[in-house]
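>>> heads up, no residue letters with this:
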């Protein structure tokens, strides 16, 4: 049996979940096709997914599929389309062997689809495109192909056409019925194929099929089918096309003793915590039992049969233990205190199991957060437990426990992400949790300056002094805080100066942390007497002196959001007016297709809170790209002070 891991990617509301549902039906996995409107699809099972009609977490399905060129087991991965859940998409890419990118007929390629295509190109994942909703828009897909070519930097090859009766024909089924030009497009990407076709005087070899087989993997051929996920037209043909094309090669040497890629994490009432993992190499029973002993130090040096050992792997279909792994066949891996299961990374052993360090997460902290406080302090542990389950399953969330106030701070990737997270932890609970509105991270940035200061503090009727400190406060080229000593000082004094400076930066004129500044120590005249008293007075001198400069020399900055939408002509003025009220800066606007304009703008993220849903309604769901909500020195908004 050949296994193929196939991901379905698209902009929100383009029909990914509907396509997944239809594929499951065509493969005989379900007896009836569910609908998003009725809330009975196989993919969207969470209450929030059913109520909102969107996918908020990745789902995995294993289906058998027979073709004329072999039998396959397709491991279908349905991904969320909303940008707030994009980390789930990027985590999967190392294990994706082929991608189905769903595009919506009747419009150009939408913003989230564009983003995921760029990610797939970088990851080298072969792409097959499916123009959906042709039952509604019929032949209205030329604009889709034109914008697709602009993104890919090369012409996509349309491999479907209508016959005289209006029925769609697909290339893989009837290549002889397609124009010669299509065959030429399928080999034009490869010079060797082109030359071989010229030299084949007999014409017995179909080089177009060879080109279609290997072209997508090379990243030089982009086949396009079309149809309707809702009616099922073109779905069976799409799967045949996907399986005909070569998959991406599995990841190379991973540098780990047990090469497994973590795709996603889950919590189940029966299985507990587990991860969906992709084996990049075959592993036999003996090796799995050896791995089990490494993870469980108490089992080391002991002989045990399978029944006596902790077997970490489970079959996704049956839930039964797995004693051998096949390269590319997805399995469940049970969580264990000695394992690090970080989505998008390989499985690692924690410090508890080895002498080495576990691989740290390199995720960028989110600027979006909410402050949570239990109604009763005795319920804090209950909510902590629920929040930890949420953050374990979706590392896009992170949690901070504020011991000084007893509050909890939940960070998320966006407005919708946080709203859904709060709703999920409150499910099936009568306990009350109080939470703030969504907060946006802000800092104070030092303005361009270089200011020389003389700092000294006296106490005890001027009998004691901190000593005279001469320093320069200047801006840096980024958000960093730096300190430099241009004079030799005792280590205790240097430590006191550094900690005092960093403490002074914690709260600026607007109450936010100050960044983008450097403190250069030019000289220090240290008084005689008790060192501890001197250091205490020195701290006061620095705190007061540095903070004195903040009121007129800092400005407030926050994260910036890039808006990328398609707008009907009759709504363009309203959208521009609403964005203007939110201090947005229009980057560009141009007529993309008849009656629609492509609008790009930048706005402070905090000004767009509560506006994303309204904007999506005004643009008929065609999209707002929140992914470029960032908080870096190069990409930030200046806020009203």
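Received the coordinates, thanks. No experiment lies behind these values; they were computed from the predicted model shown.
>>> Contacts only, for residue 170.
Applying C-beta atoms under 8 Å, 6 or more residues apart in numbering to residue 170 gives the contacts 159, 160, 225, 234, 237, 241. The way it works is simple: take the backbone N, C-alpha and C, and place the C-beta from them, glycine included.
>>> okay but the fourth one is in contact with residue 128, surely?
Meaning residue 234. No: with contact taken as C-beta atoms under 8 Å, residue 234 and residue 128 are classed as non-touching, separated by 11.7 Å.
>>> okay, and the common contacts of the two?
With contacts defined as C-beta under 8 Å, 6+ apart, the residues shared by residue 234 and residue 128 are residue 225.
>>> Can you show me the strands along the stretch 351-500 of the chain?
With DSSP state E, counting those that start in this stretch, the ranges of strands along the stretch 351-500 of the chain come out as 368-374, 398-402, 407-412, 433-435, 439-440, 443-446, 450-455, 458-459, 464-465, 468-475, 481-485.
>>> Now render those strands as JSON lines, adding mean pLDDT.
Shown next, in JSON lines, are the strands of the stretch 351-500 of the chain (pLDDT from 0 to 100):
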{"stretch": "strand 368-374", "mean pLDDT": "92"}
{"stretch": "strand 398-402", "mean pLDDT": "90"}
{"stretch": "strand 407-412", "mean pLDDT": "92"}
{"stretch": "strand 433-435", "mean pLDDT": "91"}
{"stretch": "strand 439-440", "mean pLDDT": "90"}
{"stretch": "strand 443-446", "mean pLDDT": "94"}
{"stretch": "strand 450-455", "mean pLDDT": "93"}
{"stretch": "strand 458-459", "mean pLDDT": "90"}
{"stretch": "strand 464-465", "mean pLDDT": "91"}
{"stretch": "strand 468-475", "mean pLDDT": "95"}
{"stretch": "strand 481-485", "mean pLDDT": "95"}
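>>> Kindly indicate whether residue 520 is helix, strand or coil.
Assigned state for residue 520: strand (three-state reduction, DSSP: H, G, I helix; E, B strand; the rest coil).
>>> since we're on the residue lying closest to it once chain neighbours are set aside, how many residues are nearby?
Once flanking residues are discounted, residue 520 sits nearest to residue 472: 4.4 Å by C-beta to C-beta, 6 or more residues apart in numbering. Residue 472 is flanked by 16 other residues according to other C-beta atoms under 10 Å.
>>> same question, the one 4 residues further on
Neighbours of residue 476 under the rule other C-beta under 10 Å: 15.
>>> repeat for residue 212
Using other C-beta under 10 Å: residue 212 sits among 26 other residues.
>>> just the one 5 residues further on next, same as before
Residue 217 is surrounded by 18 other residues when neighbours are defined as other C-beta under 10 Å.
>>> give me every residue that touches it.
For residue 217, the contacting residues are 126, 245, 246, 247, 248, by C-beta under 8 Å, 6+ apart.
>>> List the contacts of the second one.
When you say that, I think you mean residue 245. Here residue 245 is in contact with 98, 126, 128, 212, 213, 214, 215, 216, 217, 223 (criterion: C-beta under 8 Å, 6+ apart).
>>> before we move on, what SS does residue 112 have?
helix.
>>> The nearest residue to it once chain neighbours are set aside: how many residues sit nearby?
Once flanking residues are discounted, residue 112 sits nearest to residue 11: 4.1 Å by C-beta to C-beta, 6+ apart. For residue 11, the neighbour count with other C-beta under 10 Å is 27.
>>> so residue 11 sits right up against residue 107, yeah?
No: Residue 11 lies out of contact with residue 107 (C-beta under 8 Å); the separation is 9.4 Å.
>>> What distance do you get for residue 120 to residue 150?
16 Å (C-beta to C-beta, to the nearest Å).
>>> Ok, residue 129 next?
For residue 129, the distance to residue 150 - C-beta to C-beta - is 14 Å.
>>> Show me which of those two is the more surrounded one.
residue 129 (27 against 11).
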